[in-house]
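Novice: Here is the input, now give the coordinates:
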Amino acid sequence: MSNIKFEESDNIVDICYDNVFKAVFTKDTPKSRGALENMLSWLIGRSITVIDITSNEPPINDIRDRQIRFDINCKSDDRHLINVEMTLYPDDFEPVRLEFYAGKLFTGQDIKGADKTFNDLKPTYQISFLVHKSFFKDEEIVHNFEYYDKENQISLGGRSRIITVELDKLDKIIEKPVEKMTVAERWSVFFRYITDTTKRETINKLLEFEEGIAMASEVLISISRDEVERARLMSEYKYVVDNQSKMVQAKRLGIAEGEKIGEAKARNELLDLLKSGKSPEEIIGLYEQGS
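Specialist: Next up, the predicted model:
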């Protein structure tokens, strides 16, 4: 049984921030590594031992890409490649984006050389936790995608998979007794409700059932209580969100300005037509032809 416990007064940083998620699962400690291996094991469906981790993040001065992500790229003991990320506000194109990066992850392997074939390509997993938006209309939290012939119900048996976890579908699940939740549901509830103080009793119950969640919680509590680390993570997150907001605002202002110019141009064209002596019916006819 876990000795970790969340108090109602604990001010816990939100693990759904992608940089906090990265910090919890990539620290060079047994608890952090154990939590990562436990989480990946239930996602992939077999025991995972991680032998290498790369914490991908954007350069500190790179403010051009508003779809900025802090993801975790790791390799298992059987050389399988795994990329996992937390996305707080997924874009509408998120499924296509996941397909794109799953392809890059798979084709990024090097099989050059006389002694290698395509059979030497290792399985790859693009995993994404999606927080504030659902993309699939069923009630399932986890979806596991691979190449599949739907009409003939045959799997290609390929080595590229996309796994999504939609945390926006937990309204009913959070009401279930913890002992009746699946492993996937327990992890999802942990991620989604860790900062909700009204759910602390449920969160603490999760720690008794899932060792991986208990290990992740220990790291998260340590980060939350470390003022320097907490300030760094929040500053990092603020930097990303502020720059994203500035770019979105600039785009909206540009659209608004374009609409004003368009309206002014249309008004001038209408005045010119009226001055030319054309009747209202003729002018309407001209606009209908233009549309």
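Novice: drop to CA atoms for contacts and neighbour counts, all remaining ones
Specialist: OK.
Novice: Now the most centrally placed residue in the chain. Its backbone dihedrals?
Specialist: Residue closest to the mean C-alpha point of the chain, counted by CA atoms, centre = their mean, is residue 87 at 2.3 Å. Taking degrees, to the nearest 10, you get phi -120, psi 110 for the backbone angles of residue 87.
Novice: my guess is it contacts residue 16, does it?
Specialist: Yes: checked against CA atoms under 8 Å, the pair residue 87 and residue 16 is within contact range at 7.3 Å.
Novice: Any idea how many residues pack against residue 78?
Specialist: 12 (other CA atoms under 10 Å).
Novice: Report pLDDT for it.
Specialist: pLDDT, residue 78: 90.
Novice: do the one 5 residues further on as well
Specialist: pLDDT for residue 83: 94.
Novice: That one bridge partners, please.
Specialist: Here residue 83 sits in beta bridges with residue 73, residue 126, going by DSSP bridges.
Novice: Tell me which residues touch it, please.
Specialist: Applying CA atoms under 8 Å, 6 or more residues apart in numbering to residue 83 gives the contacts 71, 72, 73, 74, 105, 125, 126, 127.
Novice: now with 10 Å?
Specialist: Neighbouring residues of residue 83 by CA atoms under 10 Å, 6 or more residues apart in numbering: 53-56, 71-75, 101-102, 105, 124-128, 162.
Novice: Any idea what the residue nearest to the centre of the chain is bridged to?
Specialist: Bridge pairing for residue 87 - DSSP bridges - gives residue 130.
Novice: Run through the helices of this structure in chain order.
Specialist: For the chain, the helices defined by DSSP state H cover 18-26, 30-44, 94-107, 183-193, 200-209, 211-225, 227-275, 280-290.
Novice: Specify the angle between the fifth one and helix 183-193 in degrees.
Specialist: It refers to helix 200-209. Here helix 200-209 runs at an angle of 140 degrees relative to helix 183-193 (axes from the mean of the first three to the mean of the last three CA atoms, to 10 degrees).
Novice: what comes up buried for helix 200-209?
Specialist: In terms of neighbour count (16 or more other CA atoms under 10 Å), helix 200-209 has its buried residues at 200, 202, 203, 204, 205, 206, 207, 208, 209.
Novice: Send me it as CSV with only the CA atoms.
Specialist: What follows is helix 200-209, C-alpha atoms only, in CSV (Å, rounded to 0.1, in the frame of the first residue of the first chain):
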residue,chain,number,x,y,z
ARG,A,200,-8.9,14.1,-3.5
GLU,A,201,-10.5,11.1,-1.7
THR,A,202,-10.9,9.3,-5.1
ILE,A,203,-7.3,10.2,-6.1
ASN,A,204,-5.9,8.9,-2.8
LYS,A,205,-7.9,5.6,-3.4
LEU,A,206,-6.2,5.3,-6.8
LEU,A,207,-2.8,5.2,-5.1
GLU,A,208,-3.8,2.0,-3.3
PHE,A,209,-4.6,0.2,-6.5
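Novice: quick one: average confidence on it?
Specialist: In the prediction, helix 200-209 has an average pLDDT of 94.
Novice: Pick the one among the buried residues of helix 200-209 closest to residue 172.
Specialist: Using CA to CA, residue 202 comes nearest to residue 172 of the buried residues of helix 200-209, at 13.7 Å.
Novice: was I right about the closest one contacting residue 177?
Specialist: Yes: between residue 202 and residue 177 a contact is recorded at 8.3 Å, counting by CA atoms under 10 Å.
Novice: I'd like to know how many residues surround residue 189.
Specialist: Residue 189: 23 surrounding residues under other CA under 10 Å.
Novice: So that it lines up with my notes, have the first residue be 265 from now on.
Specialist: Sure, I'll start counting at 265 from here, so that last one is residue 453.
Novice: In contact with it: list those residues for me.
Specialist: Neighbouring residues of residue 453 by CA under 10 Å, 6+ apart: 431, 433-435, 437-438, 442, 445, 447, 463, 466-467, 470.
Novice: want to throw those residues into TSV with distance to residue 413?
Specialist: As requested, the contacts of residue 453 are exported to TSV (distance: CA to CA, whole Å):
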residue	distance to residue 413
431	28
433	28
434	30
435	33
437	32
438	35
442	37
445	32
447	29
463	42
466	41
467	40
470	38
